[in-house]
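Asker: Here is a sequence with its predicted model. Questions after.
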Amino acid sequence: MKQTAPRYDAVIMGGGLAGLTLALQLRQRFDDLSVLVLERRAHPVPHAAHKVGESSVEIGAHYFDTVLGLKPHFENEQLRKFGFRFFFSEGRRDIDGVTEIGASRYLSVPSYQIDRGILENYLAQEAARHGVHFADDAFVRRIELAEDGATHHRLQWTQGGETRDTEARWLIDACGRAGLLKRKLGLAQPNDHDVNAVWFRIGERITIDHWSEDEAWRARCDPQARWLSTNHLVGAGYWVWLIPLASGSHSVGIVADQKLHPLATIDTFDKAMDWFATYQPRLYEALDGKRHLLQDFAFLRHFSYGCKQVFSDRRWALTGEAGLFLDPFYSPGSDFIAIGNTYITDLIAHDRRGRSIEARAQLYDQIYHSFYESTLALYQGQYPLFGDPEVLPVKVIWDYAYYWGVLSQIFFQGRLTDLALLGSVRDELQHCQRLNIAVQALLRAWSGASDKRNRAAMLDQASMPWFAELNRSLKDRLDDAAFKARIRASTAQLRRLAGEILARARACDPALDAVALEALLALPEYRDAQRLSAARHEDGAMLFAVPAG
């Protein structure tokens, strides 16, 4: 007699960050749900030199520490991030003599620097503690998707030379760039963002605070720990990341526009070091004596991609990099894991209640792709302006305001799956999306005309009351009426900020083309709200003052 294949409510292919957090979320939501995670790597995985993707931002951090309840781990075993920090240090050794963007103190809502090895080992243990069946060193060999709602998906996988068959009502691909379901279903979708990345880990801290002996420069930050930030060393067409890891190592990466800095010039450690000697000499000096501490080196060509579909009413889904990937600038990877996993969990909840998920899966897919398109607009065609000390600071402020004012509000308030409520503010959300696209176009045009003056100044985000308050507002708990009011206030605030950006850009070049943005700002239905937003800012300014000199 043929043995019946074991059957699970959900099988997750991939036991990395996306798959393990989804498994935990499912088991926390449904304590009777049977979940199997198939992970290709043997556990425990190594610390430090395990996977790239070490920096989280507010949505991902909130998902980890609050939604999943993992705050003790993140507070005790990972590093709290001192925000993003940017230095216009191309060709310079005097880190204290260039424009710096960053906060002088911690803002209200935490984010983290994540040692992926430490975290994924912990998540595997937590998943098992919550009743998840976790199989490491497991390789999926064959997938047969269910034909209808009455049948189950079938998988064949191997572990330790033994072949196993398994059935699953839900099948989730969280296997990263291997994209098993994406390849099987022909879902791969390229985008027009041609950027590459190289990265490595060094087994020692890179303490950027020690790059200057100027005590006044060091004292601009409290704590004097710039090294805890995700530090960006920026130039035209590229940015370099410096990310500390709790294991004591430091992650270093170069992300560059192929047209300006081809991958062939940086695709080995020696080439990357030669590149640093030219473009970031102070970092070269910090690394040169640590060559023997190199722990790994890797690169990705054209790392950004989309996906035609990530959620299906046929009870399959993709999460994390198995679906789509944007860009590591602003670290949105864990955000999209949080959003995708929340949608998958809700679809499974509706399916368990015996409800049709056809319309809901389609809407979630549309909303998820809308978030993807909105975020992709922050990157496409923007790398040339990364070396502009006048325009990039403005872009960073806009991008934060858009992120905290719209998408973060939806996630922090637990409204991702409230389709009726999101529908009630659809006009505002679409207007904000159009504003973002128009502002990004203006920033590109402005950078072509700016003087790119690199002044010795710190542009302190924490000194901007509205900016710090927007971050703090993520902690508010809002009812439906207050949530609608918050989205409308965010829309008005973004319109006012867009108007200031337009005025500053036009002060640089009165002939700048901004027809699309001007048309949006002229819409009469938003003018009253915009005036109320302006009245709340007594000094009348949202942007940094232009530094003297």
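Answerer: Everything's here; your move.
Asker: going forward, measure contacts and count neighbours with C-alpha atoms only.
Answerer: Noted.
Asker: ok, longest helix in this structure?
Answerer: Ranked by residue count and defined by DSSP state H, the top helix of the chain is helix 480-508.
Asker: Show me what whatever helix or strand comes next after that helix is in contact with.
Answerer: Per DSSP states H and E, the first helix or strand lying C-terminal to helix 480-508 is helix 515-521. Identification of contacts with helix 515-521 by Cα atoms under 8 Å, 6 or more residues apart in numbering yields 434-435, 438-439, 442, 495, 499.
Asker: One more pass at 10 Å, please.
Answerer: 431-432, 434-442, 495-496, 498-499, 502, 526-527, 530 (Cα atoms under 10 Å, 6 or more residues apart in numbering).
Asker: Buried residues of it, list them for me.
Answerer: Neighbour counts over helix 515-521 (16 or more other Cα atoms under 10 Å) mark 517, 520-521 as buried.
Asker: Also stretch 344-359?
Answerer: Result for stretch 344-359 [16+ other Cα under 10 Å]: buried residues 344-349, 351, 357.
Asker: ok, now stretch 296-311?
Answerer: Buried residues in stretch 296-311, defined by neighbour count with 16+ other Cα under 10 Å: 297, 299, 302-311.
Asker: Checking the closest residue to Lys395 other than its chain neighbours next. Helix, strand or coil?
Answerer: Take Lys395 and drop its neighbours on the chain: the residue closest to it by Cα to Cα, 6 or more residues apart in numbering is Leu443, 7.0 Å away. Taking DSSP: H, G, I helix; E, B strand; the rest coil as the rule, one finds Leu443 in the helix state.
Asker: Leu443 and Asp192, how far apart?
Answerer: 18 Å (Cα to Cα, to the nearest Å).
Asker: Between the two, tell me which one has more neighbours.
Answerer: Set Leu443 next to Asp192 and count neighbours by other Cα atoms under 10 Å: Leu443 wins out with 20 against 12.
Asker: Can you read off the pLDDT for the more buried one?
Answerer: On the pLDDT scale, Leu443 is placed at 98.
Asker: returning to that earlier point: do I have it right that the residue nearest to Lys395 meets Ala505?
Answerer: Yes: taking contacts as Cα atoms under 10 Å, Leu443 lies within contact range of Ala505: 8.0 Å.
Asker: Now the common contact residues for these two.
Answerer: Contacts common to Leu443 and Ala505, judged by Cα under 10 Å, 6+ apart, are 391, 394, 514.
Asker: contacting residues for the second one?
Answerer: To tie it back to what came earlier, the one meant is Val394. Each residue near Val394 by Cα under 10 Å, 6+ apart is listed here: 101, 443, 497, 501, 504-505, 543-544.
Asker: what's the farthest-apart pair in those residues?
Answerer: Among the contacts of Val394, the pair separated by the greatest distance (Cα to Cα) is Ile101 and Ala505, at 18.9 Å.
Asker: for the protein, which spans come out with low pLDDT?
Answerer: The chain contains residues with pLDDT under 70 at 1-3, 527-539, 547-549.
Asker: In strands only, show me the buried residues of stretch 344-359.
Answerer: In strands, judged by DSSP state E, none of these are found.
Asker: And the furthest pair within those?
Answerer: Thr345 and Ile357 (12.1 Å).
Asker: In stretch 428-448, which residues are buried?
Answerer: Per 16+ other Cα under 10 Å, stretch 428-448 contains these buried residues: 428-429, 431-433, 435-447.
Asker: Next, work out how far apart the closest residue to Leu512 other than its chain neighbours and Trp446 are.
Answerer: Distance criterion Cα to Cα, 6+ apart; nearest residue to Leu512, sequence neighbours excluded, is Arg506 at 6.3 Å. Here Arg506 is placed at a distance of 8 Å from Trp446 (Cα to Cα).
Asker: Overlap of the contact sets of those two?
Answerer: 512-514.
Asker: Tell me the residues that contact both of Thr345 and Ile357, please.
Answerer: Applying Cα under 10 Å, 6+ apart, one finds that Thr345 and Ile357 are jointly contacted by Asp351.
Asker: Tell me how far the residue nearest to Lys395 lies from Ser249.
Answerer: From Leu443 over to Ser249 (counting by Cα to Cα), the distance is 36 Å.
Asker: rewinding a little: nearest to Gly179 among the buried residues of stretch 344-359?
Answerer: In terms of Cα to Cα, no member of these lies closer to Gly179 than Ile344, at 17.1 Å.
Asker: can you tell me which residues contact that closest one?
Answerer: For Ile344, the contact set (Cα under 10 Å, 6+ apart) comprises 22, 25-26, 170, 172, 310-312, 315-319, 361, 364.
Asker: Quick one: residues contacting the closest residue to Leu187 other than its chain neighbours.
Answerer: Spatially, and ignoring its direct neighbours in sequence, Leu187 is nearest to Lys308 (5.0 Å; Cα to Cα, 6+ apart). If a contact means Cα under 10 Å, 6+ apart, then Lys308 has 182, 185-190, 323-324, 365, 369 as its contacts.
Asker: Good, wrapping up.
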